[in-house]
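Novice: take this sequence and fold it.
(2 chains)
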Amino acid sequence: MANDKQPSLPRKERLILELLTAEGPTYGLQLVRLSRGELKLGTVYATLARMEAKGYVESEREPLPSGAIGLPRRIFRATGLGIRVLNAWVVLAREFALEVP
Amino acid sequence: MIDVKSGDWSPGFLFLRGAERLFTDETVAALIRPAIADFQGELRETAVGPARRLAVRCRWYWALTTLFVIAPFTGTDRALSERASTREQADDGWLMLLFYVPLFASAWWCLQQFTAAAFVVGAGVAWALRAWHDRHPAVVVTLSGITAVQPGRAGERNGTVAVGRRAVVEA
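Specialist: Reported below is the predicted structural model:
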């Protein structure tokens, strides 16, 4: 029986977790650049917001350069839960790979 | 820390002001502000020359427009539940629907058949999409499915994967 409280990991969320664990904390635009076209500017922030609601990532404001005006960037980093879910996905993917003839 | 207030005319200001009127504070904070911050950051750091700046602006205006369209459907669960449970937010939804009225009305005088066909085809496609999704539920991975898998158990591969697949489909 499915349980709504159980963590899930769609493909784009998995990609973001992989990028955050490989490259370290970064902001949305940089994730789009690092994904080489798999993530889109128009949707990456919605995915990040959903992941933050799930507890997979956390964010903090980056201090602006001195003299700069505007909004401070939001820096995202993977949480312990996010890393655990990603590691669990790797275990499952390995099991499925064993089935490939 | 410097922040954008309603009176500042920095890049993306109009988008931010519009978002503050249309969406909840949670949605603006989680979706719109990070996007506009990255927009401003890219202009600040990489855009040199008017042509390059124009290209960056166009790309971001398109991205922000996309974000506006999907924001009502992809906000945090709490924000979505607040939208569904308050009369004020429901009124915002009707406001969004009203945007379509002048669009179709202005096109009617020259595109009668096309406008009518757009209604019919749109309803048909919406029904087809819903029917397809009902028959093909999203496949996601859950921790219960993963913990059901016992890696490295020789001779039980078929049984192990069957457990994994069942858990994935159930999710």
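
Novice: in chain B, what residue lies closest to chain A?
Specialist: Per C-beta to the nearest C-beta, B:T66 is where chain B lies closest to chain A, at 2.9 Å. All C-beta atoms are positioned from the backbone trio N, CA, C, and that covers glycine.

Novice: shouldn't that residue be within a strand?
Specialist: No: per DSSP: H, G, I helix; E, B strand; the rest coil, B:T66 lies outside any strand segment and is helix.

Novice: right, and it touches A:T43 too?
Specialist: Yes: the pair formed by B:T66 and A:T43 meets the contact definition of C-beta atoms under 8 Å, at 7.0 Å.

Novice: coming back round to it: residues contacting the residue of chain B closest to chain A?
Specialist: Residues in contact with B:T66 (C-beta atoms under 8 Å, 6 or more residues apart in numbering or on different chains) are A:40-43.

Novice: how about B:Q40?
Specialist: Under the criterion of C-beta under 8 Å, 6+ apart, the neighbours of B:Q40 are A:70-71, B:10-12.

Novice: likewise B:G18?
Specialist: B:F68.

Novice: which residues in chain B form helices?
Specialist: In chain B, the segments counted as helices under DSSP state H are B:13-22, B:25-27, B:33-45, B:50-74, B:77-85, B:87-98, B:100-108, B:112-135, B:143-148, B:157-170.

Novice: what comes up buried for the shortest one?
Specialist: For helix B:25-27, the buried set under the neighbour-count rule, 16 or more other C-beta atoms under 10 Å in any protein chain shown, comprises B:26-27.

Novice: packing partners of that helix?
Specialist: Judged by 3 or more C-beta pairs under 8 Å, 6 or more residues apart in numbering or on different chains; DSSP states H and E, helix B:25-27 is in contact with helix B:77-85.

Novice: quick one on the thing from earlier: what subset of the contacts of B:T66 is also close to chain B?
Specialist: The subset of the contacts of B:T66 lying close to chain B, counting by C-beta under 8 Å from any C-beta of the partner chain, consists of A:40-43.

Novice: sorry, back to before: quick one: which of the contacts of B:Q40 is most hemmed in?
Specialist: A:L71 (27 neighbours; other C-beta atoms under 10 Å in any protein chain shown).

Novice: assess the claim that that one and B:A37 are in contact.
Specialist: Yes: with contact defined as C-beta under 8 Å, A:L71 counts as touching B:A37 (3.8 Å).

Novice: export the contacts of B:Q40 as JSON lines, with columns for distance to A:E62.
Specialist: Below are these laid out as JSON lines (distance: C-beta to C-beta, whole Å):
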{"residue": "A:G70", "distance to A:E62": "12"}
{"residue": "A:L71", "distance to A:E62": "10"}
{"residue": "B:S10", "distance to A:E62": "16"}
{"residue": "B:P11", "distance to A:E62": "17"}
{"residue": "B:G12", "distance to A:E62": "17"}
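
Novice: adding distance to B:E45 and pLDDT as columns, could you present these in CSV?
Specialist: What follows is the contacts of B:Q40, written out as CSV (distance: C-beta to C-beta, whole Å; pLDDT from 0 to 100):
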residue, distance to B:E45, pLDDT
A:G70, 11, 81
A:L71, 14, 87
B:S10, 15, 78
B:P11, 13, 81
B:G12, 15, 83
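
Novice: among these, which one sits closest to B:W127?
Specialist: For the contacts of B:Q40, the minimum distance to B:W127 (C-beta to C-beta) is 37.4 Å, reached by B:G12.

Novice: for A:K54, state which of the contacts of B:Q40 is nearest.
Specialist: Using C-beta to C-beta, A:L71 comes nearest to A:K54 of these, at 24.2 Å.

Novice: before we move on, which element is that closest one in?
Specialist: In this structure, A:L71 sits in neither a helix nor a strand according to DSSP states H and E.

Novice: burial of residue 45, as a residue count?
Specialist: I'll assume chain A. Counted with other C-beta under 10 Å, residues neighbouring A:Y45 total 29.

Novice: oops, wrong one, chain B.
Specialist: Residues within reach of B:E45, counting by other C-beta under 10 Å, total 10.
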